[in-house]
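Chemist: Give me a model of this one.
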Amino acid sequence: MRKNSKDAIVSAAISLFNTKGFSGTSIRDIAGKAKTNPANISYYFDNKHGLLEYCFTAFFEGYIQEIEKGCSLIDQGAALSLKKIAENIMAYQFDNSHLTRLILREISIDSQVVREIMSTYLAKEKFYFSKVLERGVKTKEFRSHSANYMIIQLKGLLSMPFLNTHYMAEVLHVFPHEKYFAEKYTKEIFNWIDGVLCNHHAGKPYAAVL
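Modeler: Below you'll find the predicted structure:
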C-alpha cells in the first residue's frame, strides 16, 4: 500500500464526482484514477458513500474553523468580524476550489448525509453568522435587518463563484480559479457589507482596524 494512497483516493474521487457525478462514478473508476487497488478504498472508507462522507467532514471541519477565527474578533466590531469571516471563507474555498464545488452541489441534494451535515456544521455556521449580525444590530453598527435574510444573501455571495463556475467564465468573463479574482471578489463582499448592512456613521473602514 502506498503511503499517500488515501490522499490519492480522495483527490481522484473529488475530480470524478465533479465531472461524472457521484452516481456515475464507480469504485473502480476512483481506484483507476488514484492508481491504487480498489480494496484500499474499502480499507479507508468502507465504500463510496463513506468516501463522500469523508469529503463532507474534511471540508466542513476546515470551513467552520475559518468562521470561528473571524467570529473571535466580534468584540472589535461586528463589521470587522463579518468581513474577516467572509475573507477567510473565500480564501478557504479558493484554496480548495474543486472540493468546494463538489460539496456545494451535493449539499443541495436531500440525503441522510446532508441532513446530518445540516444538523451539525450548518447549524454551527448559522449560529456564528447570527451572533455577528445580531451583535451589529444591537450596537447599531448594522441597520435593523432580518438576520435570516442577511444570511441568505451572504451565503449566495460566498457560493456563487463555485456553484456557477462556467457561467462566471463564459458569460461574465471572470475566472474564479485566479487569485486576482478571489481578492477582488472579497473586496466586493466588503462593499456589500458596508453598503447594505452598515450604518455609515457607525462603522470603521476594514483596513483601519487590522
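
Chemist: Could I get the full set of helices for this structure?
Modeler: With DSSP state H applied, the chain shows helices at 5-20, 27-34, 38-45, 48-71, 78-95, 97-106, 112-119, 121-138, 147-163, 165-170, 179-192, listed in chain order.

Chemist: How many residues are close by residue 49?
Modeler: As a burial measure, residue 49 scores 13 neighbours (other CB atoms under 10 Å). Using the backbone N, CA and C atoms, a C-beta is placed for each residue, glycine as well.

Chemist: What sits closest to the residue nearest to the spatial centre of the chain if chain neighbours are left out?
Modeler: Nearest to the mean C-alpha position of the chain, counting by CA atoms, centre = their mean, stands residue 93 at 5.2 Å. Leaving aside its chain neighbours, residue 93 sits nearest to residue 100 (4.3 Å; criterion: CB to CB, 6 or more residues apart in numbering).

Chemist: same check, this time on residue 18
Modeler: Residue 18 sits nearest to residue 102 (CB to CB, 6+ apart), 5.3 Å away.

Chemist: got it, and residue 107?
Modeler: Counting by CB to CB, 6+ apart, the residue nearest residue 107 is residue 114, at 5.8 Å.

Chemist: so how far is the helix or strand bottoming out on mean pLDDT in the chain from its chain's centroid?
Modeler: The helix or strand of the chain with the lowest confidence, counting by mean pLDDT, DSSP states H and E, is helix 112-119 at a mean of 84. Mean-position distance between helix 112-119 and its chain equals 16 Å (CA atoms, centre = their mean, to the nearest Å).
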